[in-house]
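Trainee: heads up, no residue letters with this:
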């Protein structure tokens, strides 16, 4: 009985791990599919909402945008709850809370997952701190001068654009490139890439 129980536990844990791995692969594939416009409706919806969010942040403050989004979500959920309550009262049904299935779901973050993400982010933070100390304390004079030149150029970029504008331009460029990659042949895309590379090299040479 003990060996059978242990084998059942091992098989169930393996099945759970396989399920987690398959779910992680599906999530990765879904993000990749969105970026490559495998499903134009979903990709258009995601990029449209992202563009709307960036335009809202460009016009209003972060606090205002977050408040309006949460207020809109509350209006939808409260309206739906009142509507379902009225329908249940009229039909004299006992369906209960309309969000009962969602309320019963466990939304807490497991400690292992939290520690894993903290450890992975801590590696990048330590690496960034080491690079910053190396550059700002002038361990290598050439690298520090390169950073000074980049920061000086960014002052001119910041005078013309803000961060939200740059994100909007980057998102538009990404959408245009992905749409062209869907509808244009690969040879024509390579020609555009070569043309852009040539112009960038010419600007750098000047």
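Mentor: In hand now; what should we look at? Just so you know, these numbers come straight off a predicted model, no measurement behind them.
Trainee: worst-scoring helix or strand of the chain, pLDDT-wise?
Mentor: helix 2-35 (a mean of 50; mean pLDDT, DSSP states H and E).
Trainee: C-terminal to it, what's the next element?
Mentor: helix 40-59 (DSSP states H and E).
Trainee: list the buried residues in that following helix.
Mentor: 43, 47, 54, 56, 57 (16 or more other C-beta atoms under 10 Å). To be clear about C-beta, it is placed using only N, CA and C from the backbone, and glycine gets the same treatment.
Trainee: for these, give me TSV that also has distance to residue 132 and pLDDT.
Mentor: Shown next, in TSV, are the buried residues of helix 40-59 (distance: C-beta to C-beta, whole Å; pLDDT from 0 to 100):
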residue	distance to residue 132	pLDDT
43	37	75
47	33	82
54	28	82
56	32	83
57	27	80
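Trainee: now, which of these sits nearest residue 86?
Mentor: Set against residue 86, the nearest of the buried residues of helix 40-59 by C-beta to C-beta is residue 56 (32.8 Å).
Trainee: show me the contacts for that closest one.
Mentor: 65, 68 (C-beta atoms under 8 Å, 6 or more residues apart in numbering).
Trainee: could you rerun that using 10 Å?
Mentor: 62, 64, 65, 66, 68, 69, 164 (C-beta atoms under 10 Å, 6 or more residues apart in numbering).
Trainee: any idea how far it lies from residue 128?
Mentor: Distance, residue 56 to residue 128, using C-beta to C-beta, to the nearest Å: 30 Å.
Trainee: so residue 175 versus residue 42, what's the distance?
Mentor: 13 Å.
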